[in-house]
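A.B. asks: Everything below, folded, please.
(chains A, B and C)
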Amino acid sequence: MGYTLIYSQVTEYIPYLLAGAWISLQIVILAFSAGMFFGLILASIRTFGNLTLRRTVIFYVTFFTNTPQLVQIYFLFFALPEIGILLSPFVAVLIGMTLNAAAYMCEIQRAGFLSIRQNELDAARTMSFSIVQQVRFVILPHIMKVLFPPLSNHYILMTLGTSMAAIFGVEELTGRAFNINAETFRSVEIFSITALVYIIITFIATLLLAIIGKYFFKAKIRIIQ
Amino acid sequence: MQQIKISESHAYYGDLHVLNNVSLSIDKGEIISIIGPSGSGKSSLLKLLVGLLLPKSGTISISNKIIDYTNKAHLNYARNKTAIVFQQFNLFENMNVLKNVCIAPYKIQKRNKEEVEEQAIKLLDKVGLKNKLNSYPDELSGGQQQRVAIARALCLNPEILLLDEITSALDPELVKEVLDTIRVLASEGMTMLIVSHEMVFVKELSNKVVFMDEGAIVDFDTPQNIFESPKHFRIADFVSKILK
Amino acid sequence: MDRLIQELPSFLSIWNIIFLLKAMGVTFLLSLIGCLVGFSLGTLLAIFRKTKSALLIPLRILIVIYTEIFRRIPFLVSLLLIFYIFQIGKITDSLFIIAIVTVCLIATAFISEIVRSGLESVSQTQWDAAKAMNFSYYETLKEVIFPQAWKVIFPPAFSFFILFIKDTALASQIGVMELTFAGKVLNNKGFSPILVFGTVLILYFILSFPLDRFGKYMERKYATN
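C.D. replies: Residues are numbered from 1 along each chain as shown, chains lettered A, B, ... in the order given. Okay, here's the model as predicted:
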């Protein structure tokens, strides 16, 4: 076979690799937050807007959820310069992930809106809750509980999705793995370590989200069974 | 002939000591009712006999054969001699009534298909559901489902019938049809172990009554003695509350 | 804009159209084979994972590790890892086979979770009744549990298939001639990226959207049954 696994040759690069994880984290937090914000706006338009606006949002969401995020970013990165907009790789990835996330989160949050049961609102109203109190004590807690699992799940998916940024030269976790690979050619070692880092990151994220969910939103998500 | 003999058996659900030094013997053809407060271990006693609950210690024998519930052959033997009807009917949701009754005799007992179907139809007629052969469980009322469950148990040709609170999950107006079915079976000489809260029924039908409390058998006597001259305070207290 | 109109005829040449359609076929094939294998193996894994015998504990642990790992690594990283392992082990030169293996490994992990959820959704009372009548574990699964679990398994499994079509876009990174790679080829040939990637996006949409609608239609049908 002529190839032996030599992990020692790559250990010096590990700090560099892990620093890339920090960049991945930045990307996902920015894209997730922006995505949730825009997704909320889209969900509101979709639920309360007039027919034309609703149709536009439906078109947007359908388009972005039926096409791959990678190609969406390719389009932003290569096609926009044609009309004069030059984006750095980092920004292109960020915008691409945000646009994509907004579409999915629109659907997730819309499900949250729709899950408010009329009887809960009636009960609150008969107990003379004001609108603000209704929102605070009935609607919000209920929505948070319903939304927390799917949103957490999507967050994890997006964390894994940041690896696409490497294709555009962004030096996040996978991108740095590419670089180290180019220098040392210890491919299997590098990518297995990278895989391990992703596993650990997502594990920690799932754990933290489970804890947050349990204590703040009384929502339950599974870690492993 | 002694058909069931349980000696000094203990059983646990995790840390919970559900059966505490239980001893009981039942003769062929006897109808024994088990009564007692919730959580006293009545259902656990039945589950012990069909191998849904494993004993930690003690011996159990059915038709004079000692059963080791960890032994596959013994387990088969025990499950062939007994049949259990559950409180929640537990009909198979994906099969119609006829298939529910036929499937175990056909697939597990490996009997002849035509013979099983013939018997199934006879039994379903007996419980008054001959016109529901092709219905699915979710199309039937609780009482009807429970009667199918009884037919299903009988189609296994058991020597001993175990009934675990079979009327407890039913609306009151549906209870009578199920109890009537059991009365018919009783008159035909089937050995039965019945867990029930229906005290009038228990008093009318049983040869003997077992009173259980906190996993132990407190008394085992005729219905007259248990209800009219109970030997223990616990029994007197329970009976007076139930029969109010 | 003028460039687009100028290029359109040469872009829509017969060769290009056939090229893109073939690439679409590869994309579809990758996801289909991945999901079919994923479903078969995933079901097997789910069945073995729910066994209770002490003898099979090592197998159950292996299955848990496998499913947790492959669901927590980005598609891209899995792909590269398998790619380099195969390259170094001189197992095969075919990029398509490497992609298929990766795709199957990932799909199996995800689908086994879906199947497992489905099996767990069937009430314990069904197991009890079967057990009391002396059904074996496998007989119970075959006659009672699976027929009922199927309703719960099919919708998310089909959703996953549709999602997976988009994930295959990453196979482009190891040079598999699927749709995204075809886009890159045409882009490198000098066609306008707006035209190229726009078309690729539309083609993905054409693949994904009808399946999505079919899935939603089936979901409604199953729900009312």
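
A.B. asks: What about residue 160, how many residues nearby?
C.D. replies: Reading this off chain A. Neighbourhood size, A:Leu160 [other Cβ atoms under 10 Å in any protein chain shown]: 21. C-beta: built from backbone N, CA, C; applies to glycine.

A.B. asks: not quite, I wanted chain C
C.D. replies: C:Phe160 has 21 nearby residues by other Cβ under 10 Å.

A.B. asks: same check, this time on C:Phe28
C.D. replies: 16.

A.B. asks: again with B:Lys99
C.D. replies: B:Lys99: 17 surrounding residues under other Cβ under 10 Å.

A.B. asks: so where does it fall, helix or strand?
C.D. replies: B:Lys99 is part of helix B:97-103, with elements assigned from DSSP states H and E.

A.B. asks: Heading C-terminal from that helix, find the next helix or strand.
C.D. replies: helix B:113-126.

A.B. asks: Give me the buried positions along stretch A:178-197.
C.D. replies: With burial defined by 16 or more other Cβ atoms under 10 Å in any protein chain shown, the residues of stretch A:178-197 counted as buried are A:178-181, A:186-195, A:197.

A.B. asks: Can you tell me which of those is closest to C:Phe158?
C.D. replies: Minimum distance to C:Phe158 across the buried residues of stretch A:178-197 is 28.0 Å, recorded for A:Ala195 (Cβ to Cβ).

A.B. asks: which residues does the residue lying closest to the closest one once chain neighbours are set aside contact?
C.D. replies: Distances taken as Cβ to Cβ, 6 or more residues apart in numbering or on different chains put C:Ile73 closest to A:Ala195, at 4.7 Å, once the chain neighbours are dropped. Taking Cβ atoms under 8 Å, 6 or more residues apart in numbering or on different chains, we find C:Ile73 in contact with A:160, A:195, A:198-199, C:81.

A.B. asks: In three-state terms, label C:Ile73 for me.
C.D. replies: The three-state assignment at C:Ile73 reads coil, by DSSP: H, G, I helix; E, B strand; the rest coil.

A.B. asks: who's in contact with stretch B:64-74?
C.D. replies: B:1-2, B:51, B:54-55, B:59-61, B:75, B:77-78.

A.B. asks: Name the nearest residue to residue 6, sequence neighbours excluded.
C.D. replies: All of this is about chain A. Distances taken as Cβ to Cβ, 6+ apart put A:Arg186 closest to A:Ile6, at 6.5 Å, once the chain neighbours are dropped.

A.B. asks: my bad, the chain I had in mind was chain B
C.D. replies: B:Leu24 (4.6 Å).

A.B. asks: surely A:Ala166 meets A:Glu172?
C.D. replies: Yes - the pair A:Ala166 / A:Glu172 is scored as a contact, 6.6 Å apart, by Cβ atoms under 8 Å.

A.B. asks: For chain C, which helix extends over the most residues?
C.D. replies: Ranked by residue count, the top helix of chain C under DSSP state H comes out as helix C:14-49.

A.B. asks: Likewise for chain A?
C.D. replies: Max-length helix for chain A by DSSP H is helix A:14-48.

A.B. asks: So which bits of it are buried?
C.D. replies: Using 16+ other Cβ under 10 Å as the burial criterion, the residues of helix A:14-48 that qualify are A:17, A:20-21, A:23-25, A:27-28, A:31-32, A:34-36, A:38-40, A:42-43, A:45-46.

A.B. asks: Report whether it contacts chain C.
C.D. replies: No - using Cβ under 8 Å from any Cβ of the partner chain, helix A:14-48 stays clear of chain C, with a minimum separation of 9.8 Å.

A.B. asks: Now do that helix: which elements does it pack against?
C.D. replies: Counting contacts by 3 or more Cβ pairs under 8 Å, 6 or more residues apart in numbering or on different chains; DSSP states H and E, helix A:14-48 packs against helix A:51-65, helix A:89-114, helix A:140-161, helix A:173-184, helix A:187-212.

A.B. asks: Tell me how many other residues crowd the residue nearest to A:Ser115 when sequence neighbours are not counted.
C.D. replies: Nearest non-adjacent residue to A:Ser115, counting by Cβ to Cβ, 6+ apart: A:Val146, 4.9 Å away. When neighbours are counted by other Cβ under 10 Å, A:Val146 registers 20.

A.B. asks: Quick check: A:Val146 touching A:Gly112?
C.D. replies: Yes - using Cβ under 8 Å, A:Val146 is in contact with A:Gly112, at 5.2 Å.

A.B. asks: quick one on the thing from earlier: can the contacts of C:Ile73 go into a markdown table with extra columns for pLDDT?
C.D. replies: Supplementary listing: these in a markdown table, determined by pLDDT from 0 to 100:
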| residue | pLDDT |
| --- | --- |
| A:Leu160 | 94 |
| A:Ala195 | 94 |
| A:Tyr198 | 95 |
| A:Ile199 | 95 |
| C:Leu81 | 92 |
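
A.B. asks: Just the closest of those residues to chain B, please.
C.D. replies: A:Ile199 (32.9 Å; Cβ to the nearest Cβ).

A.B. asks: Can you report how many residues neighbour that closest one?
C.D. replies: Counted with other Cβ under 10 Å, A:Ile199 comes out at 17.

A.B. asks: Isn't it up against C:Arg72?
C.D. replies: Yes - assessed by Cβ under 8 Å, A:Ile199 is found in contact with C:Arg72 at 4.6 Å.

A.B. asks: how much distance is there from the longest helix of chain C to the middle of the chain?
C.D. replies: 6 Å (Cα atoms, centre = their mean, to the nearest Å).

A.B. asks: Give the other helices and strands that it contacts.
C.D. replies: Looks like helix C:14-49 contacts helix C:57-71, helix C:95-120, helix C:146-167, helix C:179-188, helix C:193-224 (3+ Cβ pairs under 8 Å, 6+ apart).

A.B. asks: Could you list the buried residues of it?
C.D. replies: Of all the residues in helix C:14-49, those buried under the rule 16+ other Cβ under 10 Å are C:16, C:20, C:23-24, C:26-31, C:34-35, C:37-39, C:41-43, C:45-47, C:49.

A.B. asks: Check the closest residue to A:Leu114 other than its chain neighbours and give its pLDDT.
C.D. replies: Spatially, and ignoring its direct neighbours in sequence, A:Leu114 is nearest to A:Thr47 (7.7 Å; Cβ to Cβ, 6+ apart). We have a pLDDT of 81 for A:Thr47.

A.B. asks: quick revisit: compare the mean pLDDT across the helices and strands packed on helix A:14-48 and name the weakest.
C.D. replies: Among the helices and strands packed on helix A:14-48, helix A:140-161 carries the lowest mean pLDDT (a mean of 87).

A.B. asks: Good, wrapping up.
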